[in-house]
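Participant: quick one: sequence and predicted model below, then my questions.
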Amino acid sequence: MLYKSKQDGWVVGLGVIACIAIFGGAGIAAATAIYAREPLLVIPACALAAVGAMLIWARISAWSEITAATLEIRFGPFRWSIPLESIADLQSTNRLILRPAWGLAWSLDRLYVKCRDRMLPFCISPVDKAAFVAELRRAQPHVTFSER
């Protein structure tokens with residue numbers, strides 16, 4: 001089943017402000033390249049525009065899917081396919097905790113998915129967290145679940 005990513009308004013608001021700043025910087029760099037006749041300034045303008053586009057893409061297409069053998073995670077242009085048997089632990093939290101993880105959540109109401117073969121856990125935020133956990137535990141009963 002496909003689980004869309006939950007998105008907190010204030011996190012999306014920060015993303016919008018970041019996009020405005022990024023695209024504004026790209027526009028200033030492009031305008032400077034044109035008016036100052038400095039064609040190399042087009043490179044940072046394009047790089048900034050690409051970062052802004054990737055941020056929008058990540059906001060639009062963030063989801064997780066549990067298949068028969070894998071947990072598929074998509075966050076914009078980035079994709080991970082995690083074998084279900086490698087998932088060891090799920091931790092649920094809704095607090096602001098700063099710890100190393102692949103931060104793929106647009107919400108503070110999120111899950112940390114720890115895998116045996118990966119150093120960093122994945123941080124995701126399915127809209128229906130309870131259904132996600134139930135389906136994952138049905139597919140892999142050995143997965144432990146804890147709330148913090």
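Facilitator: Cool, got the structure. Numbers count the residues shown, from 1 in each chain.
Participant: sketch out the strands for the chain, chain order is fine.
Facilitator: Under the criterion DSSP state E, the chain contains strands at 2-4, 62-66, 70-75, 78-83, 87-93, 102-103, 110-115, 122-124, 144-147.
Participant: residue closest to the middle of this protein?
Facilitator: For the chain, Leu104 is the residue whose C-alpha lies nearest the centre (Cα atoms, centre = their mean; 2.4 Å).
Participant: that one and Trp63 touch, don't they?
Facilitator: No. If you go by Cβ atoms under 8 Å, Leu104 and Trp63 don't touch, sitting 10.0 Å apart. Where you see a C-beta, it was placed from the backbone N, CA and C, and this is true even at glycine.
Participant: residues that sit against both of these two, list them.
Facilitator: Common contacts of Leu104 and Trp63 (Cβ atoms under 8 Å, 6 or more residues apart in numbering): Ser5, Ile73.
Participant: in CSV, list the strands of the chain along with mean pLDDT and distance to Gly52.
Facilitator: Output for the strands of the chain, formatted as CSV (pLDDT from 0 to 100; distance: least, Cβ to Cβ, whole Å):
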stretch, mean pLDDT, distance to Gly52
strand 2-4, 94, 22
strand 62-66, 95, 16
strand 70-75, 96, 16
strand 78-83, 95, 16
strand 87-93, 92, 29
strand 102-103, 87, 18
strand 110-115, 93, 24
strand 122-124, 94, 22
strand 144-147, 88, 36
